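J.: let's see this in three dimensions:
(chains A and B)
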Amino acid sequence: MNHNMNIHNKKIVTRFAPSPTGYMHIGGVRTALFAWAFARKYDGTFILRIEDTDKEREVQGSIPHIIESLKWLGITWDEGIDIGGPHAPYIQSKRLASYKKYAQILVDKGLAYVDPYTPEEVESFRLKSQEEKKPFLFREYRPVNPPVWNGTQPLRFKVTNIKSYQWNDLVRGQLSAGPEALDDFILIKSDGYPTYTLAHIIDDLEMEVTHIMRADEFISSTPKFLSLYEALEITPPVFATLPPIMAPDGKKKLGKRDGAKDILDYRSEGYLPQAMLNFLVFIGWNPGDEKEVFTAEEFIIAFDVTKIHKSGGGFNESKLDWFNREHLKQLSYEEQEEFISKFIPGSLKKLPGYTNFMVHNITPIIMERISKGKDIIDMAEAGELTYFFGKPVYNKDSLFFKSSKISTENKYQILASYLTHVVSLLDPISDIDFLKEKIKEIIWPYAEEINHGDILWPMRYALSGLDKSPDPFVLAEIFGHDETIARLQTAILILSK
RNA sequence: GGCCUUAUCGUCUAACGGUUAGGACAUCGCCUUCUCAAGGCGGUAAUCUGGGUUCGAUUCCCAGUAGGGUCACCA
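T.: The predicted structure follows:
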């Protein structure tokens, strides 16, 4: 069997087919991303199908959550669960008739039989094989005279063509497996639902899917799929196996247990969808040049399945932070303001100084200090934002921070006189000229004359109440003429008490 | 354990027989006329091991080792 890409003579149809068993994590999202990009790149069709044949593991609310996650990232589908399409319905629990139809075809061909055993009996076969130290194969326990299928009993595929399979994978190249990978597997479960193996093959056939992208845990079961395709005389789609996403140490596969979070948690932590997309795309794929910051559109243009890697890649959150910074920088000033105000805690928004204008003013200095929205929350909790919206808190001694040169008895008065002079220098500047360059130009000669620290540290404290902050010139510009003078005079007052 | 599969700096990766093995993140150092941040410049750091093939192997082949996957009435 040889699979070609068929890119030029057949419309590409790919799909993402999650099961509604909980939230989406980065692994699933990345699979969706690549299938989507592939369809978009070749002007094909992208389908969102829900595989809900396992009613036991189903989690309520998963489907809207999946849809929301994909939409957040800007992944769009042409046919799917919520929007329908020519092959609707796009949820397996509503397609049972199709599966039954093909199951009946297999029964009629003598390629499927009713499984008469109880789960306990099957388990005992398994244990027996284990004791004999050989792999368990159900086909060695085929019932001699199974009952006739009436459509309600569990049904097994009867593998007849027991051979080695070799197939081509768009990413992995030639893959193969020996006959021991083949066995009689369940087609229809005792609850009447099909297994994944049967259902996905029928759906892909009926939905005219040409390319399947999936994670590497499916390699091992591919021979089973191939034997079923063969039995049903279906030409298999092209397979593309994506490399796994590993834990940050690069050693083990990233599972929910190892911190594979809900993708929407990244949204609430203040990661941009475009950054998330950019980051995910670079785990297991590389354009081959040195460009790293991609928009979704650029990615689709650059995307090339043959450049998907075979080996797994680790999830590196600090690189994600970096990508987020890069994409944050790409936002317009207005978008940055909006982003910042979204993450400023409500307690700060209640302060009298909280205004849209103040948010506008502090946008640049916030932007250069954060890599994600959560950092704004952290800054706020550390008290690094409060002084913008409310009065700074400090005492007369903290105004001397690092001003070691002054140690006389009347040091408070000396410092007050310095600040008074600063006020006299700044007061004549009009509010419109109250810009950091201008302020610095005026203050600096005086600061040189005295001692930098004796002017700059008290100014910083008067304006921010903190010893770690943007420089006083920047702060003065943010606050403007009146507020700056007012804060300096408060400091003078404190020193004079 | 059987079968399948993978292997370049700590991490993501470039290289498609010939390179001083390149870039990014992280890290470290220096500069940026006060702190923090940002920015600039620079440093440390990798071809899993052993055999082949070849004039020459990160690259091709084999073995070992290590990692991952899978052996369900889960997908």
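J.: for the stretch 301-450 of chain A, which residues are neighbours of RNA strand B?
T.: For the stretch 301-450 of chain A, the contact set with RNA strand B under Cβ under 7 Å from any atom of the strand comprises A:307, A:309-314, A:316, A:318-319, A:321-322, A:325, A:368-369, A:402, A:440, A:444. Every C-beta, even on glycine, is put in place using the N, C-alpha and C of the backbone.
J.: ChimeraX command to pick out the buried ones of those?
T.: Paste this into ChimeraX to select the buried members of those, with burial taken from 16 or more other Cβ atoms under 10 Å:
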select /A:312,313,321,322,325,440
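J.: can you flag which of the residues of the stretch 301-450 of chain A next to RNA strand B belong to helices?
T.: A:318, A:319, A:321, A:322, A:325, A:440, A:444 (DSSP state H).
J.: could you confirm whether the helix or strand encompassing residue A:488 reaches RNA strand B?
T.: Using DSSP states H and E, residue A:488 maps to helix A:472-496. Yes: for helix A:472-496 and RNA strand B, the contact criterion (Cβ under 7 Å from any atom of the strand) is met by A:472, A:473.
J.: what sits up against that helix?
T.: A:358, A:361-362, A:365, A:388, A:391-392, A:395-396, A:399, A:412-413, A:415-416, A:419-420, A:422-423, A:426-427, A:429-431, A:434-437, A:439-440, A:443, A:456, A:458-464, A:469-470 (Cβ atoms under 8 Å, 6 or more residues apart in numbering).
J.: do stretch A:295-306 as well
T.: A:5, A:34, A:37-38, A:40-41, A:74, A:170-171, A:240, A:274, A:277-278, A:281, A:285, A:287, A:291, A:294.
J.: and for stretch A:350-360?
T.: A:337, A:340, A:341, A:344, A:348, A:386, A:388, A:389, A:390, A:478.
J.: how far away is the residue sitting furthest away from the middle of chain A from RNA strand B?
T.: Distance from the centre of chain A peaks at residue A:409, with 60.1 Å (Cα atoms, centre = their mean). The gap separating residue A:409 from RNA strand B is 25 Å, by Cβ to the nearest atom of the strand, to the nearest Å.
J.: for the residue nearest to residue A:361 when sequence neighbours are not counted, grab the count of nearby residues.
T.: Spatial nearest neighbour of residue A:361, excluding adjacent residues (Cβ to Cβ, 6 or more residues apart in numbering): residue A:478 at 4.5 Å. Residue A:478 sits with 22 neighbouring residues when counted by other Cβ atoms under 10 Å.
J.: and residue A:396, what's its pLDDT?
T.: Listed pLDDT for residue A:396 reads 83.
J.: so it touches residue A:497, yeah?
T.: Yes: judged on Cβ atoms under 8 Å, residue A:396 makes contact with residue A:497 at a distance of 7.1 Å.
J.: so the two - more neighbours on which side?
T.: Shown here are residue A:396 and residue A:497; by other Cβ under 10 Å, residue A:396 has more neighbours (18 against 7).
J.: that one - that's part of a helix, no?
T.: No: counting by DSSP: H, G, I helix; E, B strand; the rest coil, residue A:396 is not part of a helix but coil.
J.: list the contacts of it.
T.: A:412, A:494, A:495, A:497.
J.: before we move on, back to that, filter the contacts of stretch A:350-360 down to the buried ones.
T.: A:337, A:340, A:341, A:344, A:348, A:386, A:388, A:389, A:478.
J.: part of a strand, is the first one?
T.: No: Residue A:337: not assigned to a strand; according to three-state DSSP it is helix.
J.: next one: the nearest residue to it once chain neighbours are set aside, what pLDDT does it get?
T.: For residue A:337, ignoring the flanking residues on the chain, the nearest one in space by Cβ to Cβ, 6+ apart is residue A:363 at 5.1 Å. On the pLDDT scale, residue A:363 is placed at 97.
J.: returning to that earlier point: which of the contacts of helix A:472-496 fall within helices?
T.: A:358, A:361-362, A:365, A:388, A:412-413, A:415-416, A:419-420, A:422-423, A:426, A:436-437, A:439-440, A:443, A:456, A:458-464.
J.: which of the residues you listed are buried?
T.: A:358, A:361-362, A:388, A:412, A:415-416, A:419-420, A:422-423, A:426, A:436, A:439-440, A:443, A:456, A:458-464.
J.: low-confidence ranges, the stretch 51-200 of chain A, go.
T.: Along the stretch 51-200 of chain A, the model assigns pLDDT under 70 to no residue.
J.: which parts of it are helices?
T.: A:62-72, A:96-108, A:119-131, A:196-206 (DSSP state H, counting those that start in this stretch).
J.: just the ones of the contacts of stretch A:295-306 in helices?
T.: Checking those against DSSP H, those in helices are A:34, A:37, A:38, A:40, A:41, A:274, A:277, A:278, A:281.
J.: so the fourth one makes contact with residue A:34?
T.: Read it as residue A:40. No: between residue A:40 and residue A:34 there is no contact under Cβ under 8 Å: 10.7 Å.
J.: so who does the closest residue to residue A:72 other than its chain neighbours touch?
T.: Nearest non-adjacent residue to residue A:72, counting by Cβ to Cβ, 6+ apart: residue A:273, 5.2 Å away. Contact partners of residue A:273, counting by Cβ under 8 Å, 6+ apart, are A:72, A:73, A:74, A:267.
J.: how much space between the nearest residue to residue A:398 once chain neighbours are set aside and RNA strand B?
T.: Among residues not flanking residue A:398 along the chain, residue A:461 sits closest, at 5.7 Å (Cβ to Cβ, 6+ apart). The gap separating residue A:461 from RNA strand B is 10 Å, by Cβ to the nearest atom of the strand.
J.: surely residue A:461 meets residue A:397?
T.: No: using Cβ under 8 Å as the test, residue A:461 is too far from residue A:397 to be in contact (10.1 Å).
J.: per-residue pLDDT, residue A:487?
T.: Reading off the model, residue A:487 has pLDDT 97.
J.: that one - how many residues pack around it?
T.: 21.
J.: same deal with the one 3 residues further on?
T.: Using other Cβ under 10 Å, residue A:490 has 14 neighbouring residues.
J.: and the gap between it and residue A:348?
T.: 20 Å (Cβ to Cβ, to the nearest Å).
J.: for residue A:152, same thing?
T.: 63 Å.
J.: repeat for residue A:295
T.: 33 Å.
J.: and for the residue nearest to residue A:171 when sequence neighbours are not counted, the neighbour number?
T.: If the residues on either side of it in the chain are set aside, residue A:171 comes closest to residue A:308, at 4.7 Å by Cβ to Cβ, 6+ apart. Neighbours of residue A:308 under the rule other Cβ under 10 Å: 20.
J.: report the contact partners of residue A:308.
T.: Per Cβ under 8 Å, 6+ apart, neighbours of residue A:308: A:34, A:170, A:171, A:240, A:242, A:243, A:284, A:285.
J.: and what of residue A:29?
T.: A:69, A:70, A:73, A:263, A:276, A:280.
J.: among the residues you listed, which one sits closest to residue A:330?
T.: Distance ranking of the contacts of residue A:29 against residue A:330, using Cβ to Cβ, places residue A:276 first at 14.0 Å.
J.: setting aside sequence neighbours, what's the nearest residue to the closest one?
T.: residue A:266 (5.6 Å).
J.: quick check: pLDDT value at residue A:403.
T.: 60.
J.: related to what we said a few turns ago, check the ones in helices among the contacts of stretch A:295-306 and tell me the two furthest apart.
T.: Pairwise across the ones in helices among the contacts of stretch A:295-306, and taking Cβ to Cβ, the largest span is found between A:38 and A:274, at 19.0 Å.
J.: quick one: the strands in the stretch 51-200 of chain A, in order.
T.: Under the criterion DSSP state E, counting those that start in this stretch, the stretch 51-200 of chain A contains strands at A:79-80, A:112-114, A:155-157, A:165-169, A:173-177, A:186-188.
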